[in-house]
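> Task: produce atomic coordinates for the following.
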Amino acid sequence: MRLSVACPEYPETASALTDPPCTTGDADAVPVNPDALCRDFRDALGSFPTGVTVVTALAPDGRAIGVTISSFNSVSLEPPLILWSLSRTSPSLAAFAQASYYAVNVLAADQQWISESFASPDGDRFNGVEVNRGLGGAPLIAGCAAWLVCSNEAHYPGGDHLILVGRVHSFARESAAEPLVFHAGRYRALCPDAEG
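Numbers count the residues shown, from 1 in each chain. Model (predicted):
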């Protein structure tokens, strides 16, 4: 059984939508190409534009760690809570889950190179990156559009990711900075406001 990956433009019912693509729910059926279906699912999710953040913290040995994240959301204003998720296979997972504090650095439009550096599995991710220190020594990347320093409020299993909820203790923003945007597998720029 091969799952359909083409969705109607305006489905009339929820049943008209494509089934989740990475599994069929039918134990006897084998998808023709599960990797292609998973890619289609990722592409569908990529239709939602997001900002780009780098989450940073200090590992138990005092070493600065960081990872590029686009799965970041606000949760609550009272108390101030945010959430983000990290792959269960990330070598930094335990350190982030145990960190007293971590910083969510909302990247500015001119910081694509920082996003790429922290997304890379190799090399010193902090090489050439100017940082200041927040609560608990959490690294704050200079030049960002915004910063939020959080403590670990809760963790929840989320399939192949761990969902981390953070309580915001301090924050700041650079009002003149345009954010770095990611959409459909590419970095994007916001269009300037149209003048009437």
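> where exactly do the helices run in the protein?
Counting by DSSP state H, the segments of the chain that form helices are 34-45, 93-98, 112-119.
> same question for the longest one, mean pLDDT?
The predicted model gives helix 34-45 an average pLDDT of 66.
> now do the second one
Throughout helix 93-98, pLDDT has a mean value of 95.
> Can you show me the CA trace of it as CSV?
Extracted in CSV, the C-alpha atoms of helix 93-98 (Å, rounded to 0.1, in the frame of the first residue of the first chain):
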residue,chain,number,x,y,z
LEU,A,93,20.5,16.1,24.7
ALA,A,94,21.5,15.1,28.2
ALA,A,95,23.4,18.3,28.8
PHE,A,96,20.5,20.5,27.8
ALA,A,97,18.0,18.4,29.8
GLN,A,98,20.2,18.8,32.9
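> quick one: buried residues of that helix?
By neighbour count on 16 or more other Cβ atoms under 10 Å, the buried set for helix 93-98 is 93, 95-96. (Glycine included, C-beta is placed from N, CA and C.)
> which residues sit against that helix?
With contacts defined as Cβ atoms under 8 Å, 6 or more residues apart in numbering, helix 93-98 is touched by 55, 57, 59-60, 65, 67, 86-87, 90, 102, 152, 155, 162, 164.
> Between those, which sits nearest residue 181?
residue 55 (17.7 Å; Cβ to Cβ).
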